[in-house]
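K.L.:
below: sequence and its predicted model.
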Amino acid sequence: MSTSRALAALVSVSAAAALCACLSGNAQRLPGPLLLPTEPAALSAAPSGVPAVTVQRDSDPVWVRRPGERGDVELPFYKKRERLASGTLVRTGAGGRAELLWSPDATALVLFDEGRLTLGDVERGEPLVRFHSLTHALLTLTPEDRIELLGGARLSGDASEPTGPILLECVPGAILRVTNQSKRSAQIAFRDARLELGPGESIDVPVLASGGAPLDSSEPQRLEVFGQPVLVQGRTERSDEADGVRLTALEPTRVHGFGIEAVLEAQQSLRFSGLARISPAKTADPSPQP
């Protein structure tokens with residue numbers, strides 16, 4: 001009996017030691033929470049005098065492509081808002097919804113379903129937004145805003161107060177329908193026409209393959225290059241080189257000359273060079289001719 005009692009006491013001591021080891025501070029613990037915080041990090045302040053542009057993901061999917069990058073990055077569920085720079089491309093897919101806000105301005109844009117747009121640099125004379133494709137979108141514009149629609153037409157609001165909402169819809173037949181749902185007038189510059197869109201009015205703007213960008217009504221400048229006339233519509237800078245002439249556009253420019261028509265964006269250049277002089281070929285028979 002004494003032996004049995006001794007074995008029982010030994011077993012009790014071993015069990016107590018094992019229990020103490022399990023409760024000790026060296027025990028392994030499960031990882032922390034797998035869900036990341038939903039509140040975004042604080043946004044950095046924008047430069048003084050430049051409106052801060054923020055994209056807000058209201059529903060998936062929403063992608064952004066920053067200037068200089070080749071691929072689109074999808075905004076994750078835990079990062080609802082993102083600060084954007086000029087030149088950033090914003091894209092939404094089927095069922096997606098992205099809201100763009102310009103702070104402290106009243107400008108706002110909501111992109112629904114499939115659509116793509118690029119943020120312009122207004123300091124360089126570019127439109128605020130350039131649309132590449134869209135299903136439908138809602139806009140609120142301030143007096144200084146200029147929006148480039150599909151095909152190149154320019155949309156602007158009232159000259160004194162914010163205008164919105166303005167609804168953009170793509171309808172079958174390469175047509176962009178613009179509906180002014182505000183109490184202010186809006187304007188559309190389409191090639192050589194200036195269209196007024198009153199409160200509650202709607203207009204169908206054709207999306208032309210040749211483009212619907214507004215044409216400059218000012219008289220073109222006449223230049224002489226290699227003795228031939230060249231017509232330039234827009235501000236350019238001319239550089240005479242050793243073997244040609246280079247024209248650098250300071251704003252969107254059209255150049256007519258030498259049987260061509262070229263459209264240049266700001267900072268793009270066009271170079272005219274003369275034909276290379278070819279020396280006369282020598283005869284195959286070096287013997288003197290009679």
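P.N.:
Okay, I see it.
K.L.:
which stretches of the stretch 151-290 of the chain form strands?
P.N.:
154-156, 163-171, 175-180, 186-190, 193-197, 202-206, 221-225, 228-233, 236-241, 244-249, 253-257, 260-264, 269-273 (DSSP state E, counting those that start in this stretch).
K.L.:
same list (those strands) but as TSV, adding distance to residue 138, mean neighbour count and mean pLDDT.
P.N.:
For every residue, glycine as well, the C-beta is placed using N, CA and C. Output for these, formatted as TSV (distance: least, Cβ to Cβ, whole Å; neighbours: other Cβ atoms under 10 Å; pLDDT from 0 to 100):
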stretch	distance to residue 138	mean neighbour count	mean pLDDT
strand 154-156	13	22	95
strand 163-171	5	19	95
strand 175-180	10	18	96
strand 186-190	13	21	94
strand 193-197	15	14	91
strand 202-206	14	14	95
strand 221-225	41	14	85
strand 228-233	34	16	88
strand 236-241	38	12	88
strand 244-249	33	18	89
strand 253-257	33	19	87
strand 260-264	31	14	87
strand 269-273	38	15	88
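K.L.:
between these, which one is closest to residue 94.
P.N.:
strand 163-171 (13.8 Å; Cβ to Cβ).
K.L.:
quick one: the closest one to strand 175-180, angle?
P.N.:
160 degrees (axes from the mean of the first three to the mean of the last three Cα atoms, to 10 degrees).
K.L.:
which residues does strand 163-171 contact?
P.N.:
Strand 163-171 has contacts (Cβ atoms under 8 Å, 6 or more residues apart in numbering) with 108, 131, 133-141, 149-150, 155, 157, 176-182, 184-186, 204.
K.L.:
put the alpha carbons of stretch 188-200 into CSV.
P.N.:
Presented in CSV, the C-alpha positions along stretch 188-200 are these (Å, rounded to 0.1, in the frame of the first residue of the first chain):
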residue,chain,number,x,y,z
ILE,A,188,-20.2,72.9,-74.5
ALA,A,189,-17.4,73.9,-77.0
PHE,A,190,-17.7,71.5,-79.9
ARG,A,191,-15.4,72.1,-82.8
ASP,A,192,-16.5,75.6,-84.2
ALA,A,193,-19.8,75.6,-82.2
ARG,A,194,-20.5,77.0,-78.8
LEU,A,195,-23.6,75.2,-77.4
GLU,A,196,-25.6,76.7,-74.5
LEU,A,197,-27.3,74.1,-72.2
GLY,A,198,-30.0,75.7,-70.0
PRO,A,199,-31.4,74.3,-66.7
GLY,A,200,-33.2,71.0,-67.3
